[in-house]
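Student: My questions concern the predicted model and sequence given below.
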Amino acid sequence: MLKYCVKCVLPHTKPHLSINEEGVCIACQNYTERRLIDWESRRKKFDQIVDRYRQNGAHWDCIVPVSGGKDSTYQVHKVLELGLNPLCVTATTCHLSINPASRPIWFFVGPFTS
């Protein structure tokens, strides 16, 4: 018999989804618990990590895989807002073959500006 989350109605058959005794799925539990996170403290830790890798224009600061879709484009936008100089890379799957060594990989390297 199918079980559904009492909050979002996702079925228990969704991969990696578990439903607790109260009938609430793990996704809804995590959504509720995010209010308990100290976001200010996490942002400070994140900024410390970013500062550690910022090269101030000397080299690439990070690598961002870019598909051309909205999610990866947004990631590039956010990285630029942080003042980082990203190396944006993409790979094509247009010419797949049985031999992985013969698969072409294309890189697109910016300069990107915010």
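Tutor: The structure has been received and is ready for your questions. Numbering: from 1, shown residues only.

Student: where are the low-confidence patches of this protein?
Tutor: Counting by pLDDT under 70, the ranges of the chain that qualify are 57, 93-114.

Student: Okay, helices next: where are they in it?
Tutor: Using DSSP state H, the helices of the chain run over residues 26-33, 39-53, 70-81.

Student: mind putting the ones you listed in a markdown table, mean neighbour count included?
Tutor: The C-beta positions use only the backbone N, C-alpha and C, and glycine is treated the same way. Listed next are the helices of the chain as a markdown table, based on neighbours: other C-beta atoms under 10 Å:
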| stretch | mean neighbour count |
| --- | --- |
| helix 26-33 | 13 |
| helix 39-53 | 10 |
| helix 70-81 | 13 |
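
Student: Same list (those) but as a markdown table, adding distance to V9.
Tutor: Listed next are the helices of the chain as a markdown table, based on distance: least, C-beta to C-beta, whole Å:
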| stretch | distance to V9 |
| --- | --- |
| helix 26-33 | 10 |
| helix 39-53 | 28 |
| helix 70-81 | 25 |
